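1. Fold the following.
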Amino acid sequence: MQTSLYLLTETAKYLSGGDTPMAKECKRLRDENKFPEPLLSDKANPKSLVRKYLTRELFESLKDKKTPRGVTLWDCINSGVENLDSGTGVYAGDEESYKEFAELFDKIIEDYHSPYKLADGHVSDMNPEKIDAPNVDPENKFIRSTRIRVARNLKGYGLTPTLGKEERKELEKKVVDVLNSLTGDLAGTYYPLSGMDEKTRQQLVDDHFLFKKGDRFLEAAGINKEWPEGRGIYHNNDKTFLVWVNEEDQLRIISMEKGSDIGSVFSRLCRAVNAGVFDISNRRRLGLSEVQCVQDMYNGVKKLLEIENAEKQFDPDKFPEVLNNPEVKSLLKKHLSQEIFNELKDKKTSNGVTLLQCINSGLQNLDSSTGVYAGDEESYTLFAPMFDKIIEDYHSPYKLANKHTSDMNPEKVEAPDLDADGFFIRSTRIRVARNLKGYALTPAVSKEARIEIEKKVTGVLNSLTGDLSGTYYPLQGMSEDVREQLVQDHFLFKKGDRFLEAAGVNKEWPEGRGIFHNNDKTFLVWVNEEDQLRIISRGIHGEHSVSTGEDAGVFDISNRRRLGLSEVQCVQDMYNGVKKLLEIEQAAIQEKRSKFPAGLKDESVKSLLKKYLTEEMFTALKDKKTSRGSTLYDCINSGVENLDSSCGVYACDEECYEMFSDLFNAVIEDYHGPYKLADKHVSDMSPEKVDAPNLDSEGKFIRSTRIRVARNVKGFALAPGLASKERVELEEKIVKVLASLTGDLAGKYYPLSGMDEKTRKQLVDDHFLFKKGDRFLEAAGINKQWPEGRGIFHNNDKTFLVWEDAGVFDISNRRRLGLSEVQCVQDMYNGVKKLMEIEQA
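-> Numbers count the residues shown, from 1 in each chain. So this is what the prediction gives:
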């Protein structure tokens, strides 16, 4: 253990730059107090300011000077010499450094902050009333958020590069006392980096508040010393005011908020600083007061918006020529003629929606397939010459003259379960979109209307009872635990893509949006996503509702044909399509399974399946079925799909061992050799028969001990052949028995289905959680309807399971069949004893 710790420490030291050739050379020159020759080499950044201004003569005149705190010239230039690609290359060790080494610092400061001259002086001004900054983007079309920050260092302390451990902690305490005294909208909490738990760390990461250890430039300057001690983060309850303590500066004070109100952000910052709390993002800082810096930034942003608007906006009076580009294939291009444009361009709905607003997404995104979004219900009528053609084209063969009927009567659907065992269908989801009467549609809905819609909808959702009752989770202010759980459940929706962005759907994200789901997680409502309501009903099988990267070969089947069909007809349409697909799939599987698997003929295959399954045996067994319907191919599918399998067979039920005994007997005797089936197998669970005194009572060699047995319940199929209902029934029976355990065996059962993130994390930390099976088990059918009917029981003492760390070996015995449990344990004990003798020798 000591050796491992030493190696880890030395590796970290090397990676940080401490042992690089350049660092060693830098240390040598520093120890000898010699001019840093590497600054003149070809490897040095030609634009480095320390290289530009530190001449040999200047070095000689300053090299022996020290500030009252003991800071030397080399302390200030070390980072720039050790990192020759540095752009500046100097860090003042304390306030006196600027005076003691002024001949170097003055030149660098004036160059870096040009056209500022030190003779001009610097005035601080934190009066927000002097800012002329009306909100330039009140609808948040262009500006995502605004942040203004200042850096402060406390009088009487060294700057961060030379700050001692005790000084840093004293400074932290002083600052935190001031921060904790803040009231009103500045009141909040301080989070020290030392001893921070994972939940807090993750939340700060998600809020983009966490700062990390400094890079190699700061490392060489001495800023990372005793990391993370004496450092931390303060933020107010609204998460609009933030203070970093002892990062690069002693204090980084940041005011921020969503949107573009620079005046509001600066006003908050001024109140914080003026209340006694101790780098604005623009480079031109020295010589400008805080007010001037903010005004400078505002004017720059305003100019950028003018340019952006000029580039992005289309003239509402001119036909958009971009639609004539040959690469454009959208329905908008197809149906918006010059004549229709001229007819509609000056019209506005009662909500103020124009033609240009409806077509903006298609103009900004020329690869759009449709290209239009109605801003409100009236848009469909007012701009009907365009919308009618696009709707009929998209929903062909539907014609608007045919009308559209709604029908939500489930009794009219003829849809018996197509795949009760879940062999083919992972999950089922049916959804409808709804928008509320009297409100604009999402692209044109105002902030106030969106919040009003959310309030109305959640009022209704919270009144639901029975299997529909559940909880609403607003996106705004969502905690990391809730967010992670919704991600795990595949319930969280994200901000819309560039098509929706250009349509105006993402405005004021995530305000007024959220997710409701029932307690069973089978009913889901998205509020103010692309539509005002997305109402989703899900089947109970499987954890996914769509195909993901890890589910290659899983397809999301949906029906394009919707308008002109009632809801009942849409569902029946989908059902009939899926039924047809299943018939094709089953026919293909049947055809494949009628032939000897060609892959097993490959000479590289070394499995026991290949060794014992001859073509003659396959022909003799392929049409046989157990009383549960298990076939030979069901048992060998894993070995056929995974030719690198060492065994390759899985029995689907107990009867398989007899029905396909020609194969199974040969494989079992080979795998468990020298055991022979004729020898029979005896069970013996008498612990007193084991002769096993403690081999390592001091725990020097053996980390932990684990003994396990596998059991399958009589009357049920084995895992590969277990149907969904059977698995749930089996789970109920087993859990009932487990719940009756007493004494040191008493504990709790944790079902995988519906497991919350906190429980999942605890089971991971305890090394108790098992994951979905690998590709071998997947092909055997063991992962069906995952995670339904599965779970973990552990006793209160957590003594049922230990999963060893990397580098620790799990010793188990392969030789099992033919040995009783007592003999297996004795066998393992004797083997471990022998290993310990070798280890000790």
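2. Which residue ranges of the stretch 1-150 of the chain form strands?
-> 145-152 (DSSP state E, counting those that start in this stretch).
3. ugh, typo on my part, it should be the stretch 601-750 of the chain
-> Under DSSP E, counting those that start in this stretch, the stretch 601-750 of the chain gives strands at 747-751.
4. And for the stretch 151-300 of the chain?
-> Counting by DSSP E, counting those that start in this stretch, the stretch 151-300 of the chain has strands at residues 188-192, 232-236, 241-245, 251-258.
5. Same check on the stretch 401-550 of the chain?
-> Using DSSP E, counting those that start in this stretch, strands in the stretch 401-550 of the chain cover 429-434, 470-474, 514-518, 523-527, 533-538.
6. pLDDT averaged over the second one, what's the number?
-> If I follow you right, that is strand 470-474. What strand 470-474 shows for mean pLDDT is 95.
7. Pairing partners for it, with directions?
-> Strand pairing for strand 470-474, determined by DSSP bridges: strand 514-518 (antiparallel).
8. quick one: contacts for the closest residue in space to residue 722 that isn't next to it in sequence?
-> Among residues not flanking residue 722 along the chain, residue 716 sits closest, at 6.7 Å (Cβ to Cβ, 6 or more residues apart in numbering). (C-beta placed from N, C-alpha, C; glycine too.) Residues in contact with residue 716 (Cβ atoms under 8 Å, 6 or more residues apart in numbering) are 722, 726, 730.
9. Please tell me how far residue 716 sits from residue 338.
-> 71 Å (Cβ to Cβ, to the nearest Å).
10. Likewise for residue 314?
-> 15 Å.
11. Kindly report the same for residue 42.
-> 63 Å.
12. for residue 823, same thing?
-> 90 Å.
13. same question, residue 672
-> Remark: distance between residue 672 and residue 338 (Cβ to Cβ) = 82 Å.
14. more neighbours, these two?
-> Of the pair residue 672 and residue 338, residue 672 is the one with more neighbours under other Cβ atoms under 10 Å, namely 17 against 8.
15. Could I get the pLDDT score of that one?
-> The predicted local confidence for residue 672 is 86.
16. for it, phi and psi?
-> Phi and psi for residue 672, reported as degrees, to the nearest 10, are phi -100, psi 20.
17. Equivalent analysis for the one 10 residues further on, please.
-> Reported as degrees, to the nearest 10, the phi and psi values for residue 682 are phi -110, psi 140.
18. And for it, the neighbour number?
-> Using other Cβ under 10 Å: residue 682 sits among 11 other residues.
19. where are the low-confidence patches of the stretch 451-600 of the chain?
-> Residue ranges of the stretch 451-600 of the chain with pLDDT under 70: 539-564.
20. ok, back up a step: can you tell me which of the strands of the stretch 401-550 of the chain is nearest to residue 585?
-> Among these, strand 429-434 comes nearest to residue 585, with 19.5 Å by Cβ to Cβ.
21. packing partners for the closest one?
-> Counting contacts by 3 or more Cβ pairs under 8 Å, 6 or more residues apart in numbering; DSSP states H and E, strand 429-434 packs against strand 533-538, helix 567-593.
22. Strand partners (parallel or antiparallel) of that strand?
-> strand 533-538 (antiparallel).
23. Name the surrounding residues that touch the partner strand.
-> Contacts with strand 533-538, where a contact means Cβ under 8 Å, 6+ apart, come from 427-436, 457, 521-527, 545.
24. Among those residues, name the buried ones.
-> Buried members of the contacts of strand 533-538, counted by 16 or more other Cβ atoms under 10 Å: 427-428, 435-436, 457, 521-527, 545.
25. Contact partners for the residue nearest to residue 203 when sequence neighbours are not counted?
-> Of all residues not flanking residue 203 in the chain, residue 480 sits nearest, at 4.5 Å (Cβ to Cβ, 6+ apart). Contact analysis of residue 480 by Cβ under 8 Å, 6+ apart lists 199, 202, 203, 206.
26. Pick the one among these closest to residue 645.
-> Closest to residue 645, out of all of those and judged by Cβ to Cβ, is residue 202, at 38.6 Å.
27. Can you give me the neighbour number for that closest one?
-> 15.
28. same question, residue 145
-> Count around residue 145 with other Cβ under 10 Å applied: 13.
29. tell me the pLDDT at it?
-> For residue 145, the model assigns a pLDDT of 78.
30. go on, residue 13?
-> Residue 13 carries a pLDDT score of 30 in this model.
31. Now do the helices in the stretch 601-750 of the chain.
-> Assigned by DSSP state H, counting those that start in this stretch, the helices in the stretch 601-750 of the chain fall at 608-612, 615-621, 632-641, 656-659, 661-671, 724-739.
32. Give me whichever of the ones you listed is most buried.
-> helix 632-641 (a mean of 23; mean count of other Cβ atoms under 10 Å).
33. by contact count, what packs against that helix?
-> Packing partners of helix 632-641 (3+ Cβ pairs under 8 Å, 6+ apart): helix 608-612, helix 661-671, helix 775-780.
34. could the contacts of residue 716 go into a markdown table alongside distance to residue 115 and pLDDT?
-> Listed next are the contacts of residue 716 as a markdown table, based on distance: Cβ to Cβ, whole Å; pLDDT from 0 to 100:
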| residue | distance to residue 115 | pLDDT |
| --- | --- | --- |
| 722 | 78 | 88 |
| 726 | 81 | 89 |
| 730 | 80 | 90 |
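35. Just give me the closest of those to residue 369.
-> Nearest to residue 369 out of the contacts of residue 716 is residue 722 (Cβ to Cβ; 43.8 Å).
36. dump the residue contacts of that closest one.
-> By Cβ under 8 Å, 6+ apart, the contact set of residue 722 is 716, 730, 784.
37. The second one and residue 713 touch, don't they?
-> If I follow you right, that is residue 730. Yes: counting by Cβ atoms under 8 Å, residue 713 is a contact partner of residue 730 at 6.1 Å.
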